[in-house]
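**Q** Build me a structure from this.
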Amino acid sequence: MENTSNVKEFILLGLSENQGVQKICFVMFLFFYTIIVSGNLLIVITVTSSQRLNSPMYFFLCYLSFVDICYSSVTAPKMIADFLVENKTISFVGCITQLFGVHFFGCTEIFILTVMAYDRYVAICRPLHYTTLMTRRTCGRMVLGSWVGGFVHSTVQTLLTTQLPFCGPNKIDHYFCDVHPLLQLACTDTYAVGIIVAAGGAIALSCFFILVMSYIVILVSLKSQTYEGRQKALSTCGSHITVVILFFGPCTFVYIRPSSNLLEDKSVAVFYTVITPMLNPLIYTLRNEEVKSAMKKLWSKKLGSEVGKM
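**A** The predicted structure is shown next:
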C-alpha cells in the first residue's frame, strides 16, 4: 500500500486522556473483549457440534458470531493496549488496515442481519415453502454474498481514503482509524469523498428499512397463528430485533450524516464495535431454549469425557 503523504503514522487520542479513567477503561474493556470472544466462540462451537441446531437460523447465527469476533478484534485489542501506554501511535499502513477491517466486518454483519430477517420472514409467513426456499446451498450463497458485499464496500471506502494527502496534523480524535476522523486530517477538499462515505452509510439505513418492513409483515401475519405459534415466533424475532436496534441505530447515526463532533462519534462507536458484539451471545442464548439446551449437552459431554479420563 503506497503512502504518498508526509504522515507516516497517526496518534490515536483514545476515549479519554485522563490516566485514572484509562486504567478503569482498561479493566472494563478487557472484560468486555473476553466476553465477546468467549461468548461468540461458544455459540460457534455449540452450533457446529450440535446436530439439533442445523436449521438456517442457526447457520446464520454461527456466521454472525464469527463476524462479531473478527469485527471487535479489529479495534478492541489496540484500544485496550493503548490504555496502558502514553504514546498511542499507529502506522499509516496499520491505520488503513484497521479502517478496511472495520468496514469489511461491519458491513458484512449488516448484510448477515438482513439475511437473518429474510429467513424469519420465510419461516413465519411462508412456512410451507421454507425448506424449498431456504436450502443449504441458498443459505451458503446468502452468506457468501454478505462477505462479498462487505468486501466491495470496504474496498471503496479504503481506496478513497488512501488517495487523500495527509501533510499536517496526525492526531486522530478517536480510538481507532475511521473515515470521518481521517477526512478531517486530510489537507484537501474532502466534500466529494464525504458524500460517498455518507452513501456508504445509506447501506445501513436501507438494510434497516428492509428489516423494519419485513418485521411489520411478520407481525401482521402472526394474527392468524395460534397463541403458541405467536409466542415462539416473537421469541426468535425479539432477539433479532434487539440486536438490529443496538447495531443499526448507532451505526446509522455515525455514518449517514456529515461528522461534526468526533467526541460524540467515538462514544457512539463503542456501542457497535464493542457493546453489541458482547451482547449478541447473551441475547440469542437467554431467549432461545434450543441453544441453551445444546450448550448444556455440550458441557455435560465435555465434563463426562474429562471424568472418564481421570
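
**Q** tell me the contacts of residue 188?
**A** Neighbouring residues of residue 188 by Cβ atoms under 8 Å, 6 or more residues apart in numbering: 164, 165. Placement of C-beta: from N, CA and C, glycine included.

**Q** hmm, I was thinking of residue 9
**A** The contact partners of residue 9, taken as Cβ under 8 Å, 6+ apart, are 89, 90, 91, 92, 95, 170.

**Q** tell me the mean pLDDT for the longest helix seen in the chain?
**A** As assigned by DSSP state H, the longest helix anywhere in the chain is helix 92-125. What helix 92-125 shows for mean pLDDT is 91.

**Q** hmm, back to that, which of the contacts of residue 9 ranks first by neighbour count?
**A** Of all the contacts of residue 9, residue 95 has the most neighbours under the rule other Cβ atoms under 10 Å, reaching 25 neighbours.

**Q** which non-adjacent residue is nearest that residue?
**A** The shortest distance from residue 95 to any non-neighbouring residue, by Cβ to Cβ, 6 or more residues apart in numbering, is to residue 177 (3.9 Å).

**Q** pretty sure that neighbour contacts residue 100?
**A** No - assessed by Cβ atoms under 8 Å, residue 177 is found out of contact with residue 100, at 9.4 Å.

**Q** quick one: pLDDT of the residue nearest to residue 95?
**A** Listed pLDDT for residue 177 reads 90.

**Q** Low-confidence bits of the stretch 101-250 of the chain, can you list those?
**A** Residue ranges of the stretch 101-250 of the chain with pLDDT under 70: 199-200, 225, 227, 229-230, 232-233, 235-236.

**Q** residue ranges for the strands of it, please.
**A** 171-172 (DSSP state E, counting those that start in this stretch).

**Q** would you list every one of the helices in it?
**A** Under the criterion DSSP state H, counting those that start in this stretch, helices of the stretch 101-250 of the chain are mapped to 130-133, 136-162, 179-185, 191-221, 227-255.

**Q** packing partners for the third one?
**A** The reference is to helix 179-185. helix 92-125, helix 136-162, strand 171-172, helix 191-221, helix 262-270 (3 or more Cβ pairs under 8 Å, 6 or more residues apart in numbering; DSSP states H and E).

**Q** ok, residues contacting that helix?
**A** Helix 179-185 is touched from outside by 7, 10, 95, 99, 103, 157, 161, 164, 166, 168-174, 190, 193-194, 197, 254-255, 259, 262, 265, with contacts defined as Cβ under 8 Å, 6+ apart.
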